[in-house]
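Generate a structure from the sequence data that follows.
(chains A and B, ligands or ions: 1)
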Amino acid sequence: MTVVTPFEGIGASVRRKEDLRFLSGRGQYTDDINRPGQAYASILRSPHAHATIRGIDIAAAQAMPGVVAVFTGADMPDLGGIPCGWQIHNKDGSPMAEPMHPVLAVGKARFVGDAVAVVVAETKAQARDASEAIVVDYAVLPAVSTVTAAIAAGAPTVHDAVAGNLCYDWHIGDKAINEAAFATAAKVVEFELVNNRLVPNAMEPRAAIGDFDRTTDEYTLFTTSQNPHVIRLLMGAFVLHLPEHKLRVVAPDVGGGFGSKIFHYAEEAIVTWAAGKLARPVKWTAERTESFMSDAHGRDHVTKARLALDNDGKFLALHVQTLANMGAYLSTFATSVPTYLYATLLAGVYTTPSIYAEVKAIFTNTVPVDAYRGAGRPEATFLIERLVDVAARETGIDRIAIRRRNFIPADAFPYQTPVALQYDSGDYQTTLDAALETAGWASFESRRAEAAKRGKLRGIGISTYVEACGIAPSAVVGALGARAGLYEVGTIRVHPTGSVTVLTGTHSHGQGHETTLAQLVTDRLGVPLAQVDVVHGDTAKIPFGMGTYGSRSLAVGGSAMVKAMDKIVAKARRIAAHLMEASVDDVEFDRGTFRVAGTDKTKAWAEICLTAYVPHNYPIEELEPGLDETAFYDPKNFTYPGGAHICEVEIEPETGQVSVVNFTAVDDVGRVINPMIVEGQVQGGVCQGIGQALLEACVYDAEGQLVSGSFMDYQMPRADDLPMVSVATHVTLCTHNPLGVKGCGEVGAIGSPPAVINAVVDALRDYGVRHIEMPATPAKIWGIINAGHALAAE
Amino acid sequence: MYDFEYHKPGSIADAVKILSADPDARPISGGQTLLPALKHRLNKPTSVVDLSGIAELKGIRQEGGKLIIGALAKHHEVSESAVVKGAIPALASLAGTIGDTQVRNRGTIGGSVSNNDPAADYPAAVMALDATIVTDKRRIAADDFFQGMFTTALEPGELLVAIEFPVPEQAGYAKMRNPASRYVMAGAFVAKTGGKVRVAINGAGPGVFRQTAMETALTASWSPDAVAGVKQSAEDLNSDIHGSAEYRAHLVTVMAKRAVVAAG
Ligand SMILES: Cc1cc2nc3c(=O)[nH]c(=O)nc-3n(C[C@H](O)[C@H](O)[C@H](O)COP(=O)(O)OP(=O)(O)OC[C@H]3O[C@@H](n4cnc5c(N)ncnc54)[C@H](O)[C@@H]3O)c2cc1C
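Got it, this is the predicted structure:
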């Protein structure tokens, strides 16, 4: 009998296994969890960007109804500071400035939202009421909210010990070669731009529950995290001084992260510590307002760049100087973002032979800034792809032609860039051709003319990009200052009847790993998708793991699973060989069936699994029972997705309103496991990119108040702001991981912003505009158009 | 949210009794403005008086050449009402553009007009149509009712009961939304009623106001071109991260022009 089942393996757009749970309200998020005897924490946050704390009077708060305890920084003398995971060295070889980041502010509050005290009470409302009764004696200090203000002579210092607010002054590339190239270049294009600060705004606000078991002295932290093992390490080893075997971290369903839930946050340490202190569970859930002022923000660069070209438009050298805003404290990966995730990508898809980049990281009185979808690569891509457009215009070379002329050719891989990375594969001409074709680039001028008849300014823009993800080879990142290895761990647990539980050290917070990773198992072992469950997010269940960020889950986590499946298959073949009385070398395995090569002797998967656990007829002397294997996989290189994004916009000149009318993305994300999920990931990323380019502005005023502190002022993309995004893939395989996969989680957010701004600038081509900063809001665009009118009138 | 007492009276008289006995009591209609304020702890009423059970505040009818809308009429009801669509289609379509579906199914005209948010939609219509605000105590002309940002002629404890709109010959509304909040960034309601033209501007300034130069221009010639040339001064207009006063001033003219187009 043949059972016809739909193909569910690699390449199948199967529906997401997790969606029924999510869509029917059966997901279990941190705030859905309630522990017996649970109390609630409310955190009092500084209303000032910069202030000396002269005293905190908690007496009135302690006397409020339902209050269990009130704690301030003074109650935590034994706790360590919140650590930074990546040490950067200055140009002169000295280490970066790394000021203490106390769990609760001590002595000084350094940004609006800095945690100053915590109240634990019987109910959430009582905790909040009592937090308002705490009297903090602040002496307000002058504040700095932008990098430019923070480096000005005489600027207030965020940390007394950090002169000039300079965290580090870092560089990469050969300065002398770079200067020589500029000295003799036929043409130099100079350019300055800002990469706007963003608030991540995951749909689920952060939450944390600390629990303490008095029987075992074990702590449990339930938290909205993308990487529970990393949190266990950072919080256990550095902050609370708890050994791993006494600390369990659970990250259940998580409603979006986009990077903001990678980092170890003070609230996690506060609830875990308080749970031990009070011997009862303590829960904290952020209100949206708190999310705005305490989730790590993204981007926030100010950059000056110069591009040297020869007479044919070939790029000769690039010099970049970037000021990166760190906020008030160093968040977990903050320091790596503008260095090893940004400057190393400045070659882009081009053969620019010399690149020299200088990055200064600056402290300001703002929320800490860290990785946000794309982390450094969107900043690099925006810079390169805007600069290339400006260079095209200023040299009179067509913007497509100048790109093609400088592309790394398809036969040049592996390609060593002048900024450390070695790209393994890619085919930029082909992704460009496909995007141009799909977007109808050649017929654009007729659409522009038609739009003009309707009174609209239509523009088209392109971005051709590469990014580095699949983070990352441990030895390499270790040499660059990472304080962790970036391998991944996978366990394949085959059960006696043949169903499979996958334990992965990555974490799914919306990406669909429970489906994609299960498809790897179905494809390799032939087990139907319904019989494969992927478990993640619990340090008590998963051997180890580094979590999900940098589009690493499939490239690194999936590869660990492949290694574990190799072990499973090797062992299962030995069991099959024993049962079929054949030599193991003669036993073939193909999706669920073991066969003695060249014969019709077969054994089914389920029989082998059962034999492994009921080893009556079993080579027990040579082989242990069971079928449960774990593998650690350390990647050999980053992976390098790339592609071409084309955006078409229409501007209403009377109001400056921009509509994105077409968006085409052709991406090379390596082998595609589930095309539907890839399409969704790219669309989501593109929407975030359009958000950054047109809508989202995180604004602080000069006093350090967050002006865009709610959705009334911070414009998240809504469905009607967004076009249908046309997504296609062109595959070149990653050459160094077993799946040939590269990653698709961030490409949308990396490739799209320059395509959008290039289109807006193109739409305004008759108004003499060279650049427009993100977000290109109606008011800004109207300002340009209006100035253009004024120009014409003179 | 802070603790408060909750009352649900069945008549205007009962509601007024509770409200006048306690200066810190607040009426609540749709709660679309008051509830967010309570949740953010920006407001600390001793008690909240839920008006939703008061039949006298409900209903939409045409009477003696006037369109009368009860305070509790939800934005969605106004936008779908055949009576409103027949009498003042511009008012129905304005109501259909407030907030989102959820907001339109809870928020009320009485709540919106009492609240007088400078970025709200209804005040422009009330002002341009020269409507009369009927309270439990008196009748107030639109020109006297709106007194700047979140301020009205309503006295503490006074309830807005209904709004009476004269039926215009022509009326139209256009707005540019604030990109983030989607409230009004600059809007214009133009109306010709009994031969008289009134133009009300919302969103752009600290409160709804009449644009008299545009009224003069439209009285001379009811056409988009007539207002297109009338510049709004940027003085006293709002300026924030979404747009300068100059931008809003410019938008006022654009929206007025579009409102005339919409009025037909
Ligand atoms: C997401 C969102 C988007 C929105 N977008 C828009 C928009 O685009 N345009 C717009 O115009 N509005 C918008 N609103 C506001 C909405 O229209 C509210 O419904 C309206 O402002 C208030 O009406 P309400 O019935 O909800 O009043 P409530 O919130 O119940 O009350 C508002 C205020 O009026 C007082 N009040 C209520 N009824 C009376 C009465 N009968 N007499 C005296 N005082 C009274 C209350 O005490 C309170 O101070 C939005 C609201 C939300 C939540």
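
helix, strand or coil for B:Thr253?
State at B:Thr253, reduced to three classes by DSSP: H, G, I helix; E, B strand; the rest coil: helix.

ok, it - how many residues close by?
The number of residues packed near B:Thr253 is 20, by other C-beta atoms under 10 Å in any protein chain shown. Any C-beta I mention is one placed from the backbone N, CA and C, and that applies to glycine too.

Next up, the contacts around A:Leu323.
The contact partners of A:Leu323, by C-beta atoms under 8 Å, 6 or more residues apart in numbering or on different chains, come to A:147-148, A:151, A:301-303, A:359-360, A:362.

OK, contacts around the nearest residue to it once chain neighbours are set aside?
Distances taken as C-beta to C-beta, 6 or more residues apart in numbering or on different chains put A:Val147 closest to A:Leu323, at 4.1 Å, once the chain neighbours are dropped. Shown in contact with A:Val147 (C-beta under 8 Å, 6+ apart): A:300, A:302, A:323-325, A:360, A:362, A:364.

about what we covered before: can you turn the buried subset of the contacts of A:Leu323 into a selection I can paste into ChimeraX?
Buried members of the contacts of A:Leu323, defined by 16 or more other C-beta atoms under 10 Å in any protein chain shown, are picked up in ChimeraX with:
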select /A:147,151,301,302,303,359,360,362
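
Adding secondary structure, distance to A:Ser425 and pLDDT, write the contacts of A:Leu323 out as TSV.
Below are these laid out as TSV (DSSP: H, G, I helix; E, B strand; the rest coil; distance: C-beta to C-beta, whole Å; pLDDT from 0 to 100):
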residue	secondary structure	distance to A:Ser425	pLDDT
A:Val147	helix	36	98
A:Thr148	helix	40	97
A:Ile151	helix	40	98
A:His301	strand	29	98
A:Val302	strand	34	98
A:Thr303	strand	29	98
A:Val359	strand	28	98
A:Lys360	strand	34	98
A:Ile362	strand	37	98
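
and the stretch 101-250 of chain B, which residues reach the ligand?
Within the stretch 101-250 of chain B, the positions near the ligand by C-beta under 6 Å from any ligand atom are B:103, B:106-108, B:110-112, B:114-115, B:117, B:120-122, B:154, B:159-160, B:182-183.

Report the entries of those that also contact chain A.
Restricting these to those adjacent to chain A (criterion: C-beta under 8 Å from any C-beta of the partner chain) gives B:Tyr183.

In strands only, show me the residues of the stretch 101-250 of chain B next to the ligand.
The strands, defined by DSSP state E, take in B:Leu160 from those.

picking up where we left off before, how about the contacts of A:Leu323, which pair is most distant?
The largest separation in the contacts of A:Leu323, counting by C-beta to C-beta, is between A:Thr148 and A:Val359 at 15.2 Å.

How about the residues of chain A by chain B?
Counting by C-beta under 8 Å from any C-beta, chain A sits next to chain B at A:125, A:128-129, A:132, A:289, A:654-657, A:695, A:697, A:699, A:707-708, A:711-715, A:777-779, A:782-783, A:786.

Now stretch B:243-263: average pLDDT?
Stretch B:243-263 shows a mean pLDDT of 98.

Kindly report the same for stretch B:7-21.
Rounded mean pLDDT across stretch B:7-21 is 97.

same thing with stretch A:552-566?
Stretch A:552-566 shows a mean pLDDT of 98.

Repeat that for stretch A:378-390.
98.

Go through the contacts of A:Val147 and name the one nearest the ligand.
Proximity of these to the ligand was ranked by C-beta to the nearest ligand atom; the top entry is A:Asp300 with 28.3 Å.

Pretty sure that closest one sits against A:Ala150.
No: between A:Asp300 and A:Ala150 there is no contact under C-beta atoms under 8 Å: 11.4 Å.

ok, residues contacting stretch A:163-176?
Against stretch A:163-176 from outside (C-beta under 8 Å, 6+ apart): A:88-91, A:96-98, A:144, A:150-151, A:155, A:157-159, A:326, A:330, A:335, A:339, A:343-344, A:354-364, A:418-420.

For the stretch 251-400 of chain A, which residue gets nearest to chain B?
As assessed by C-beta to the nearest C-beta, chain B sits closest to A:Thr289 within the stretch 251-400 of chain A, at 7.3 Å.

For the helix or strand encompassing that residue, name the packing helices and strands.
Assigning secondary structure by DSSP states H and E places A:Thr289 in helix A:288-294. Using 3 or more C-beta pairs under 8 Å, 6 or more residues apart in numbering or on different chains; DSSP states H and E, the elements in contact with helix A:288-294 are strand A:39-45.

Going by residue numbers, what spans are helices in the stretch 51-200 of chain B?
Assigned by DSSP state H, counting those that start in this stretch, the stretch 51-200 of chain B shows helices spanning B:75-80, B:82-87, B:89-95, B:101-104, B:109-115, B:122-128, B:142-145.

What lies in contact with the first one?
Contact partners of helix B:75-80, identified using C-beta under 8 Å, 6+ apart, comprise B:60, B:69, B:84, B:91-93, B:95-96, B:98-99, B:101, B:103-105, B:107-109, B:112.

Which helix or which strand is home to A:Ala208?
strand A:207-213.

Beyond that strand, next helix or strand please.
Heading C-terminal from strand A:207-213, the first helix or strand you meet, by DSSP H and E, is strand A:218-223.

Could you export that following strand as CSV, CA atoms only?
The C-alpha coordinates for strand A:218-223 follow below in CSV (Å, rounded to 0.1, in the frame of the first residue of the first chain):
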residue,chain,number,x,y,z
GLU,A,218,16.3,27.2,42.4
TYR,A,219,15.3,30.4,40.7
THR,A,220,13.1,30.5,37.7
LEU,A,221,12.8,33.6,35.4
PHE,A,222,10.0,33.6,32.9
THR,A,223,10.9,36.4,30.4
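
Just the buried positions in stretch A:436-445, please.
A:436, A:438-439, A:441, A:444.

Now do it: distance to the chain's middle.
Relative to the centre of its chain, stretch A:436-445 is centred 32 Å away, using C-alpha atoms, centre = their mean, to the nearest Å.

cool, stretch A:701-720 as well?
Using C-alpha atoms, centre = their mean, the offset of stretch A:701-720 from its chain centre is 21 Å.

tell me the average confidence for it?
Here the average pLDDT along stretch A:701-720 is 96.

Check stretch A:641-649 too.
Averaging pLDDT along stretch A:641-649 gives 98.

Restrict that stretch to CA atoms and write it as CSV.
Provided in CSV are the C-alpha atoms of stretch A:641-649 (Å, rounded to 0.1, in the frame of the first residue of the first chain):
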residue,chain,number,x,y,z
PRO,A,641,22.2,37.1,1.7
GLY,A,642,21.9,39.8,-0.9
GLY,A,643,19.7,41.1,-3.6
ALA,A,644,17.9,44.1,-5.2
HIS,A,645,15.0,46.1,-3.9
ILE,A,646,13.1,48.5,-6.1
CYS,A,647,10.6,51.0,-4.8
GLU,A,648,8.2,53.3,-6.6
VAL,A,649,6.6,56.2,-4.9
